[in-house]
Structure formats: structure tokens, C-alpha cells
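Undergrad: Sequence plus the predicted model coming up.
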Amino acid sequence: MSTITSTNETNFVIDNDEVKGRQIISKRIYQCGELIFQEQPLVLAQFEWNKLYKYYACEYCLYPLESCEQNVRRLCQDSSIIIPHSECDPNRNIDQQIVRCPKCNEMYCSIICYQQAMNNYHLTLCQSNENQNKDQLIRHIIDLWRNVHPPPETTSISLVLKIMAMLKQSNNRLLLLQELQKFSQGVQSENQQFYHKLLRKEFESQVEQLRYASQFLTQIASELVPMPC
């Protein structure tokens, strides 16, 4: 979920229809490698299995936090691999750019992303050991999600947790809900079984465990961050 922040808006239109929902329609042909637009994340979340297997990415914008060589070494499980022409890798010095949360060590690609995350949701979700009940519950929710949602993943429970935290920290919840609503399309179904698209059939009964844990997390979080007026 993101919003366009920098582009020539005469080159495309943003439209909605009943079949495809929200979409970007180009008004001209783009060349290979040409920048179409830049965007500011509304809320993003990394796949939980990707994170478990040490694919490091900015917690706010998902910018990769590893070099090409580090990526290949991780995937091949071989630390001796040398990638030629490393000077062509834009991430060759990414280790020097990483900004970490001083309380939980979460990683960001810049101080701007860290500050944005703190302002939007990280103040609530930061696992700093200051509230062990909250931290344990977040880990439990993520572990439960991985157990009921094996790869290939289609979404992440952390996205739900971040949206909950954003609503908790927001000074204008109505405006935030309106922005989130722009990204919803066909969420409901007549038989309430839309989660079949997200989970294997044998796990659907465990959805209630996720709902209960998420509701409990909301109660704990309300004690940490005052509700906006």
C-alpha cells in the first residue's frame, strides 16, 4: 500500500472499476529502465518466511538491506562466493547506511524511514522488552501465522499488526481509514470463507486463534499508546 509522491501525472491515470478495482493506466509507451513514478509507502510488511530466513529489508519501505554478493551467499549458503564487478552493485556499501531502532534493533534504510515508522506504528509494535506480555504476544501471532500459512506466501500478518498500530497512533483515524479503503477490493464474501485464498483449507479453523490474539494485542497496546481524540 503506497501513495505516489513524485511523477509526471500526465503520463497515466488512476482509475477504479468493478472488475479490476484500483488501477494505474498508462497513457504512453515507456522505455525499458525509465522511471514511471516514485511512491511513499502507506504501510508495507515483509513476508514472515522471508524475514525468518534472513532476507534483510527496510522495515518501513522494504528496500533491500543486503548487497548482491550477500544475497547470493545467503541463498546458496556459501560464504565463499565472490561476485564479479561488485563496483556496479548500488548496494555494495549498504551496511554503512543501515539505521537500527535503539530499543529493538529493527533495521531501516535511512533515518527518515525509521522516523516515519516510529510516527506511524513502531512506537506501538517495538519489541523493546519494556512490555514482555506485548512482545510475547506479537511473536506468538507471527509464529501462529507462519504455522498456518506456509510458503508460497500471499500476504503477511505483520501488515495487519501495522494497520492496527497505525489506527492506534493516528491523530486522524477517519482520514487514515479513508486512505486504507482505497486499497480494498472484494474483501467480503457471502459465506465468509474468503480466507481460503490466504490459508490452506486444513488450517481455516485456526483463523479464530489469530483473531483472538490480535484482539488481545489491541487491548495491551491501548495501555501503551493513548487513543487519539
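TA: It's in.
Undergrad: Now do the strands in this protein.
TA: 2-6, 12-17, 21-26, 38-41, 99-100, 107-108 (DSSP state E).
Undergrad: Run through the protein and note the low-pLDDT ranges.
TA: By pLDDT under 70, the low-scoring segments of the chain are 1-9, 185-229.
Undergrad: now the helices for it?
TA: Assigned by DSSP state H, the chain shows helices spanning 48-52, 68-76, 111-117, 123-125, 132-148, 157-169, 173-181, 207-224.
Undergrad: Can I get these in CSV including mean neighbour count and distance to Pro41?
TA: To be clear about C-beta, it is placed using only N, CA and C from the backbone, and glycine gets the same treatment. What follows is the helices of the chain, written out as CSV (neighbours: other C-beta atoms under 10 Å; distance: least, C-beta to C-beta, whole Å):
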stretch, mean neighbour count, distance to Pro41
helix 48-52, 16, 17
helix 68-76, 15, 22
helix 111-117, 17, 8
helix 123-125, 22, 15
helix 132-148, 16, 20
helix 157-169, 20, 10
helix 173-181, 12, 12
helix 207-224, 14, 21
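Undergrad: Among these, which comes closest to Lys27?
TA: Evaluated over the helices of the chain, closeness to Lys27 peaks at helix 173-181, with 24.6 Å, by C-beta to C-beta.
Undergrad: chain center to the closest one, what's the gap?
TA: Relative to the chain's own centre, helix 173-181 is displaced by 17 Å; criterion: C-alpha atoms, centre = their mean, to the nearest Å.
Undergrad: Only C-alpha atoms, please: export it in CSV.
TA: Listed in CSV are the C-alpha atoms of helix 173-181, where the atom choice follows Å, rounded to 0.1, in the frame of the first residue of the first chain:
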residue,chain,number,x,y,z
ARG,A,173,-8.3,7.9,12.2
LEU,A,174,-11.1,8.8,9.8
LEU,A,175,-8.6,10.1,7.2
LEU,A,176,-6.4,7.0,7.6
LEU,A,177,-9.4,4.7,7.2
GLN,A,178,-10.3,6.6,4.0
GLU,A,179,-6.8,6.1,2.7
LEU,A,180,-6.9,2.4,3.5
GLN,A,181,-10.3,2.0,2.0
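Undergrad: which strands and helices sit next to that helix?
TA: Counting contacts by 3 or more C-beta pairs under 8 Å, 6 or more residues apart in numbering; DSSP states H and E, the secondary-structure elements packed against helix 173-181 are helix 157-169.
Undergrad: Tell me which other helices or strands the helix it packs on touches.
TA: Judged by 3+ C-beta pairs under 8 Å, 6+ apart, helix 157-169 is in contact with helix 123-125, helix 132-148, helix 173-181, helix 207-224.
Undergrad: change it to 6 Å
TA: Taking 3 or more C-beta pairs under 6 Å, 6 or more residues apart in numbering; DSSP states H and E as contact, the helices and strands that helix 157-169 lies on are helix 123-125.
Undergrad: if we can go back for a sec, distance to Cys68 added to the strands of the chain, as JSON lines?
TA: Listed next are the strands of the chain as JSON lines, based on distance: least, C-beta to C-beta, whole Å:
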{"stretch": "strand 2-6", "distance to Cys68": "25"}
{"stretch": "strand 12-17", "distance to Cys68": "31"}
{"stretch": "strand 21-26", "distance to Cys68": "29"}
{"stretch": "strand 38-41", "distance to Cys68": "22"}
{"stretch": "strand 99-100", "distance to Cys68": "21"}
{"stretch": "strand 107-108", "distance to Cys68": "18"}
